[in-house]
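Trainee: The sequence isn't on hand, but the structure is:
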Ligand SMILES: Cc1ncc(COP(=O)(O)O)c(C=O)c1O
């Protein structure tokens, strides 16, 4: 864990660049180049291990964004990737080898489940999936060849929060590497390195970019791990394009203010939904009745923009509510300035066996919101009108009787 020089809002705006820099452009230029020219072989030797050699290895624009992220996460270093999936798969590939075993939470991002359960076995690496907050199950799943503990917090779409202190203690006891998909948390709400987690992964596509206009991934952590991952990234070739890194940097400048607004609005929306007569359940960690409220309070500043809720009636009723919303756009993804709505059983959890889905607590009546930065009163008014489709259905049914 690295000491922070400034508060988050300052790090977000000024991070990555030296403050002493004078007479240059204020905004980081886009080094839109695949390669870098040298004058002689002496210089070639000097630049080869730097970010001014060949863009698959590194690029100055990318470096500024990587440094800014490392400052925000409080880690030694960070790396960017072409997508969140690229960050997660490349990092795991860098840290395990044939014969190793991984323990992972059951309710992690679907793409990662697929990678662990269908792709890694081809390379002789097995994974065991365990219940999110059952630490005994985590420990029981460990084998002599277990190398890595992979978690995700908060989870999608039930927004469960994992006790990072307990995970780090378990990993220390058994000499394991810990990796976390911290996409739903952001460093504004939680810095896993502070709790002893080794490697922090993100789909930067979400809050970091913040405007739903780029795809990128992030790994931040200890220097020795980052170096190993850098070698693997260079070999697999899943680097970010400098133009996307520029957009990312622009997003990072406002991440603190965006996430703070999203925290406040999402909590207000969760409270509104909880008292609504047609809503049967609300999932938001900063609500006192959420199963992980105490953990969230301990390790998070806010719970972020994702609020999931279940409505009275059937899956079709949930779809009708989602379709009736005007300010929440029907689209997957989260964390951006525009509010979005999805039905998890038709999007993120579509490919998951219905029985397993039920075990994970993902019902057909569930609606997932990503709360943006529009005025919260407008968003609540939209939800209020959207939910009237359920009342209307009821009245019609009574009339038909
Ligand atoms: C929690 C989480 N992790 C990883 C990913 C994958 O990120 P990307 O789409 O940037 O590859 C996603 C995408 O939705 C996600 O929600």
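Mentor: Received, thanks. Small disclaimer: the values here were computed from a predicted structure and weren't measured.
Trainee: Show me the domain layout of the protein.
Mentor: Using automatic domain parsing, the domains assigned to the chain come out as 8-253, 255-394.
Trainee: so can I have a markdown table of those showing distance to the ligand, mean pLDDT and mean neighbour count?
Mentor: All C-beta atoms are positioned from the backbone trio N, CA, C, and that covers glycine. Listed next are the domains of the chain as a markdown table, based on distance: least, CB to the nearest ligand atom, whole Å; pLDDT from 0 to 100; neighbours: other CB atoms under 10 Å:
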| stretch | distance to the ligand | mean pLDDT | mean neighbour count |
| --- | --- | --- | --- |
| domain 8-253 | 2 | 96 | 20 |
| domain 255-394 | 6 | 95 | 19 |
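Trainee: now the ones you listed in TSV, with distance to residue 2?
Mentor: Output for these, formatted as TSV (distance: least, CB to CB, whole Å):
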stretch	distance to residue 2
domain 8-253	5
domain 255-394	18
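Trainee: Wait, residue 361 touches residue 156, no?
Mentor: No: between residue 361 and residue 156 there is no contact under CB atoms under 8 Å: 11.4 Å.
Trainee: quick one: the strands in this structure?
Mentor: Under the criterion DSSP state E, the chain contains strands at 77-81, 101-105, 126-130, 146-152, 177-181, 199-203, 217-221, 279-283, 306-311, 329-330, 340-342, 366-370.
Trainee: List the strands paired with the fourth one, with their directions.
Mentor: Just to be clear, that refers to strand 146-152. strand 101-105 (parallel), strand 177-181 (parallel) (DSSP bridges).
Trainee: Residue 325 contacts residue 383, doesn't it?
Mentor: Yes: with contact defined as CB under 8 Å, residue 325 and residue 383 form a contacting pair (7.0 Å).
Trainee: and residue 126, bridged to which residues?
Mentor: residue 101.
Trainee: Relative to residue 167, how far out is it?
Mentor: Distance, residue 126 to residue 167, using CB to CB, to the nearest Å: 20 Å.
Trainee: same thing with residue 8?
Mentor: Taking CB to CB, one finds residue 8 at 23 Å from residue 167.
Trainee: what do you get for residue 378?
Mentor: In terms of CB to CB, residue 378 sits 39 Å off from residue 167.
Trainee: list the contacts for residue 342?
Mentor: Contact analysis of residue 342 by CB atoms under 8 Å, 6 or more residues apart in numbering lists 322, 330-332, 348, 367-368, 370.
Trainee: Identify, from those residues, the entry nearest to residue 178.
Mentor: residue 348 (23.8 Å; CB to CB).
Trainee: would you list the strands of the chain in a markdown table and tack on distance to residue 23?
Mentor: Formatted as a markdown table, these follow (distance: least, CB to CB, whole Å):
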| stretch | distance to residue 23 |
| --- | --- |
| strand 77-81 | 27 |
| strand 101-105 | 49 |
| strand 126-130 | 52 |
| strand 146-152 | 44 |
| strand 177-181 | 41 |
| strand 199-203 | 34 |
| strand 217-221 | 31 |
| strand 279-283 | 51 |
| strand 306-311 | 43 |
| strand 329-330 | 43 |
| strand 340-342 | 42 |
| strand 366-370 | 41 |
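Trainee: Spatially nearest residue to residue 390 (excluding sequence neighbours)?
Mentor: Excluding the flanking residues, the one nearest residue 390 by CB to CB, 6 or more residues apart in numbering is residue 278, at 4.4 Å.
Trainee: Assess the claim that that neighbour and residue 309 are in contact.
Mentor: No: using CB under 8 Å, residue 278 is not in contact with residue 309, being 9.9 Å away.
Trainee: got the contact list for residue 78?
Mentor: 66-67, 69-70, 218-221, 226.
Trainee: ok, what's across the strand from it?
Mentor: Beta-bridge partners of residue 78, as defined by DSSP bridges: residue 220.
Trainee: show me the contacts for residue 305.
Mentor: Neighbours of residue 305 in contact, by CB under 8 Å, 6+ apart: 207, 259, 262-263, 265-266, 334-335, 369-372.
Trainee: Kindly recompute the last result at 7 Å.
Mentor: 262, 266, 334-335, 370-371 (CB atoms under 7 Å, 6 or more residues apart in numbering).
Trainee: Residue 106 now?
Mentor: Residue 106 touches 129-132, 360, counting by CB under 7 Å, 6+ apart.
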